[in-house]
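**Student:** please find the sequence and the predicted model below.
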Amino acid sequence: MARMPTAAGGTAVSGRTMWCNLDAPANAISVCRDGGQVAVAGRNIFKIYGVEEERLSERANLRVGRKPSLNLSCADVAWHQMEENLLATAATNGAVVTWNLARPSRNKQDQLFMEHKRTVNKVCFHPLELYILLSGSQDGSMKCFDLRKKESVCTFSGQSESVRDVHFSARDFFTFAATFENGNVQLWDMRRPDRCERMFTAHNGPVFSCDWHPDDRGCLVTGGRDKMVKVWELTGYKARETHCVQTIASVARVLWRPDRRYHIATCSMMVDHNVYVWDVRRPYVPFAMFEEHRDVTTGIAWRHAHDPHYLLSGSKDGTLFHHSFRDARRPASQAVPEGLSVGLRGDVAFAVKESLCAAEGARKPFGHDRRYPFFFVRRADPAEHFANVSSALSVFESPPGAASMDWFSQTARRYCLSGVPLPELCDRNAGAARELRRYQVAQIWTMLKIIYAGAAGGATQAAGKAGHPLSSFAMKDGTAALGGEAKLDRGRLENRRDSLPLDSTVTLLQTNEDNEETEGSDAPADYVFGDGEGDEDDFFIVDHEVAASEEHEFILPQEGFPLRHEILDHPTTLDHFPDKTDSPQISGNEADSVSLTPTEGISLVSVSQPPFEHGFTTDYFNPIVRDMMCFYAQQGDVQMAISVLIVLGDRIRKEIDEQTQVWANPITVGAAVES
């Protein structure tokens with residue numbers, strides 16, 4: 001038989017990535033024995049291309065004739081690996097066609113077998129027998145053809161759904177494998193067509209492809225719709241899965257890489273357009289990938305049975321690619337070697353690249369056997385190994401009880417959500433949070449009391465009595481007026497700091513005649529001044545001469561002159577005050593008989609009007625409170641957000657949408673606490 005012209009022989013085959021346009025989608029490809037020609041088959045294409053030095057060139061178009069024939073609508077193609085001019089195709093109408101490229105006529109069709117009732121999915125030549133051809137069909141049968149005869153010699157019935165792939169074993173002359181739509185794999189002996197030798201379930205769903213390992217007897221790889229690539233060891237009594245690779249799409253083709261024991265090439269049936277080469281020992285990251293196609297890859301083939309560096313692929317995008325491994329992308333080289341994870345109980349795992357670790361960076365491992373001189377050791381090709389992206393893992397364990405959720409149940413038992421006025425609710429909940437050492441939560445309850453409790457009841461409080469906590473702001477404006485007219489006991493100050501809460505509304509200064517000091521006194525005293533920068537204690541004057549243990553009451557400074565008119569809370573102009581020259585001078589002794597009452601002036605410590613009447617209202621703080629509740633909910637502390645919503649009720653409910661308020665149902669909260 002004459003051979004089709006090829007690039008092999010006198011012309012070197014190219015070693016770079018190149019491509020050509022097919023003008024039609026391809027369903028399958030197959031390479032001749034020497035790798036110089038490739039057959040491309042599809043529903044509307046059946047051509048032979050030559051792999052030349054600089055390009056892929058069309059050599060022959062086997063779709064000839066005036067009338068289109070369904071026999072030329074190909075689902076698969078196979079090129080005989082012993083006879084370079086012999087091809088076989090599987091047609092969508094159930095025909096199996098053989099082609100002889102040595103025929104002198106334009107029509108190269110040799111034989112036609114019309115024995116299958118439905119589409120033929122796969123055809124396969126025997127690797128050692130010249131005239132044996134095997135086919136698998138959608139009708140669930142497999143037929144073995146002897147090309148010297150006009151019909152099949154035997155039929156294998158899988159007693160199952162459609163056959164998706166058939167493949168002869170390279171090590172066992174009579175054995176072939178068949179994969180089925182129901183996920184089963186069957187092993188057959190050609191001498192016994194009545195029943196299969198072995199059957200096992202390989203995948204959850206159809207098994208689209210299989211391939212025998214070229215070197216390891218009894219090693220089979222399968223790929224299916226479940227996105228899995230599995231390697232099976234079949235030498236034992238029972239099929240054993242040895243490796244599994246999880247891909248991102250249904251696997252359409254699997255193919256062992258020549259001269260690489262653990263490498264498998266795959267392509268997907270949909271979604272993913274790339275061609276991957278996997279090392280089954282590292283199943284989570286592809287060893288190499290080719291990203292040239294723009295549509296689903298339908299066929300892959302190694303250029304030569306002993307050349308692992310070049311791969312051909314056809315696609316539905318109408319292109320044929322010749323890939324070189326030196327141009328492949330290596331995902332492992334782009335992997336991030338750092339990682340961080342937090343466990344359920346608070347443990348933290350941190351991975352970092354080993355070269356960044358001081359202890360590991362200074363040590364360089366020696367990878368060769370020291371028993372032999374280095375010049376006897378064959379250096380491995382760096383391109384054939386994974387990039388070294390190993391990381392050192394450190395685990396930081398949390399102390400026992402650090403991740404305990406006891407605070408949740410304790411908080412639920414101690415919280416008070418209704419039944420008492422709002423200030424008392426806030427005080428109780430703040431105290432419960434403080435006992436559980438949740439100081440931030442306790443502070444929030446205190447601030448809620450300051451914001452909402454005072455706004456509701458401040459208008460009814462009389463002057464001189466306990467007022468709103470925010471009334472302490474009035475003290476800062478009157479600090480300079482205290483001057484030297486008042487002094488406070490240091491020990492009493494310390495006792496007050498320990499005994500009074502942050503939101504205390506008790507009047508801070510009371511009448512005390514024993515600790516009064518007038519303008520003319522020469523007794524030493526420390527005066528503390530401030531305009532907004534000090535804390536609450538900055539408003540008091542400390543006398544070092546008075547013993548700390550004395551239980552004296554605090555006093556207000558008495559006025560040094562009688563009031564000529566009523567002092568208004570909000571004077572409009574200065575015309576209401578008489579001239580300074582008209583005010584009589586009163587000595588320090590006369591001041592003892594003058595007392596200050598709430599009706600005669602304004603207190604520097606307490607206010608007689610609600611602090612929000614001419615300033616901020618609760619509506620001003622509502623968005624802030626709502627954001628606080630959302631923050632706790634996002635952090636996972638839904639208990640805090642729901643408790644605030646129940647306690648505040650209609651004060652804050654208008655700021656939160658109804659869908660979110662479903663969580664605030666007391667029945668739901670109670671059930672969550674009890675669980």
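**Tutor:** Right, received. Where do you want to start?
**Student:** pLDDT below threshold where in the stretch 301-450 of the chain?
**Tutor:** 357-389, 401-403 (pLDDT under 70).
**Student:** one more time with 80
**Tutor:** 335, 344-346, 354-391, 398-405 (pLDDT under 80).
**Student:** in it, which spans are helices?
**Tutor:** Ranges of helices in the stretch 301-450 of the chain, per DSSP state H, counting those that start in this stretch, are 358-361, 406-414, 422-435, 439-448.
**Student:** figure out which of the ones you listed is closest to Leu70.
**Tutor:** helix 358-361 (64.6 Å; CB to CB). To be clear about C-beta, it is placed using only N, CA and C from the backbone, and glycine gets the same treatment.
**Student:** run through who's touching the top helix by length along the chain.
**Tutor:** For the chain, the longest helix by residue count, based on DSSP state H, is helix 618-634. With contact meaning CB atoms under 8 Å, 6 or more residues apart in numbering, helix 618-634 is reached by 444, 448, 451-452, 455, 612, 638, 640-641, 644-645, 648, 651-652, 654-656.
**Student:** going on from it, what's the next piece of helix or strand?
**Tutor:** helix 638-648 (DSSP states H and E).
**Student:** picking that back up, save the helices of the stretch 301-450 of the chain as a markdown table, and put in mean neighbour count and distance to Asp216 too.
**Tutor:** Formatted as a markdown table, these follow (neighbours: other CB atoms under 10 Å; distance: least, CB to CB, whole Å):
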| stretch | mean neighbour count | distance to Asp216 |
| --- | --- | --- |
| helix 358-361 | 10 | 36 |
| helix 406-414 | 14 | 57 |
| helix 422-435 | 19 | 67 |
| helix 439-448 | 19 | 64 |
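**Student:** now these as TSV including distance to Arg66?
**Tutor:** Shown next, in TSV, are the helices of the stretch 301-450 of the chain (distance: least, CB to CB, whole Å):
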stretch	distance to Arg66
helix 358-361	73
helix 406-414	83
helix 422-435	91
helix 439-448	87
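**Student:** and these: which comes nearest Thr119?
**Tutor:** Among those, helix 358-361 sits nearest to Thr119 (CB to CB), with 57.5 Å.
**Student:** buried ones among the contacts of helix 618-634?
**Tutor:** 444, 448, 451-452, 455, 612, 638, 640-641, 644-645, 648, 651-652, 655-656 (16 or more other CB atoms under 10 Å).
**Student:** that older thread, and the angle for the longest helix of the chain with helix 638-648?
**Tutor:** 160 degrees (axes from the mean of the first three to the mean of the last three CA atoms, to 10 degrees).
**Student:** then helix 618-634 to CSV, C-alphas only?
**Tutor:** This file holds the C-alpha atoms of helix 618-634, laid out as CSV (Å, rounded to 0.1, in the frame of the first residue of the first chain):
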residue,chain,number,x,y,z
THR,A,618,-33.4,60.1,70.6
ASP,A,619,-34.1,60.1,66.8
TYR,A,620,-30.5,61.4,66.4
PHE,A,621,-29.1,58.3,68.2
ASN,A,622,-31.5,55.7,66.6
PRO,A,623,-29.3,55.1,63.5
ILE,A,624,-26.2,54.6,65.7
VAL,A,625,-28.1,52.1,67.9
ARG,A,626,-29.3,50.3,64.8
ASP,A,627,-25.8,50.0,63.4
MET,A,628,-24.7,48.7,66.7
MET,A,629,-27.3,46.0,66.6
CYS,A,630,-26.4,45.1,63.0
PHE,A,631,-22.7,44.9,64.0
TYR,A,632,-23.4,42.4,66.8
ALA,A,633,-25.7,40.3,64.5
GLN,A,634,-23.0,40.1,61.9
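**Student:** got the buried residues for that helix?
**Tutor:** In helix 618-634, counting by 16+ other CB under 10 Å, buried: 618, 621-622, 625-626, 628-629, 632-633.
**Student:** nearest to His126 among these?
**Tutor:** Nearest to His126 among the buried residues of helix 618-634: Ala633, at 68.6 Å, using CB to CB.
**Student:** remind me which residues of this protein are low pLDDT?
**Tutor:** Looking at the chain by pLDDT under 80, you get 1-15, 65-68, 335, 344-346, 354-391, 398-405, 454-616, 657-675.
**Student:** redo that, cut-off 50
**Tutor:** Counting by pLDDT under 50, the chain has low-confidence residues at 1-3, 5-13, 360-377, 455-552, 571-609, 611-612, 667-675.
**Student:** tell me which stretches of it form helices.
**Tutor:** Going by DSSP H, the chain shows helices at 358-361, 406-414, 422-435, 439-448, 454-457, 473-477, 479-482, 490-499, 618-634, 638-648, 650-653, 658-661, 666-674.
**Student:** contact partners of the third one?
**Tutor:** In this case it means helix 422-435. So helix 422-435 is contacted by 411, 414-418, 420, 439, 441-443, 445-446, 448-449, 452-453, 456, 643, 647-648 (CB under 8 Å, 6+ apart).
**Student:** ok, the second one next?
**Tutor:** Here helix 406-414 makes contact (CB under 8 Å, 6+ apart) with 428-429, 432-433, 435-436, 438, 639, 673.
**Student:** do the same with the fourth one
**Tutor:** Contact partners of helix 439-448, identified using CB under 8 Å, 6+ apart, comprise 426-427, 429-431, 433-434, 501-503, 625, 628, 640, 644, 647-648.
**Student:** how far away is Gln410 from Ala332?
**Tutor:** With the distance defined as CB to CB, to the nearest Å, Gln410 ends up 50 Å from Ala332.
**Student:** now do Glu115
**Tutor:** Taken as CB to CB, the span from Glu115 to Ala332 is 48 Å.
**Student:** now do Ser394
**Tutor:** Taking CB to CB, one finds Ser394 at 22 Å from Ala332.
**Student:** okay, these two: which has more neighbours?
**Tutor:** Ala332 (17 against 11; other CB atoms under 10 Å).
**Student:** was I right about the more buried one contacting Tyr284?
**Tutor:** No: look at Ala332 against Tyr284 with CB atoms under 8 Å: they stay out of range, at 9.8 Å.
**Student:** tell me if I'm right that Glu291 and Thr297 touch.
**Tutor:** No: with contacts counted by CB under 8 Å, Glu291 stays clear of Thr297, the gap being 10.5 Å.
**Student:** ok, those two, which is more surrounded?
**Tutor:** Shown here are Glu291 and Thr297; by other CB under 10 Å, Thr297 has more neighbours (27 against 10).
**Student:** show me the beta-bridge partners of that one.
**Tutor:** According to DSSP bridges, the residues that bridge with Thr297 are Ser315.
**Student:** that one: what's it in contact with?
**Tutor:** Counted by CB under 8 Å, 6+ apart, Thr297 has contacts 252-253, 267-268, 273-275, 313-315.
**Student:** ok, so of these, who is nearest Thr201?
**Tutor:** Minimum distance to Thr201 across the contacts of Thr297 is 19.9 Å, recorded for Ala252 (CB to CB).
**Student:** no further questions, thank you.
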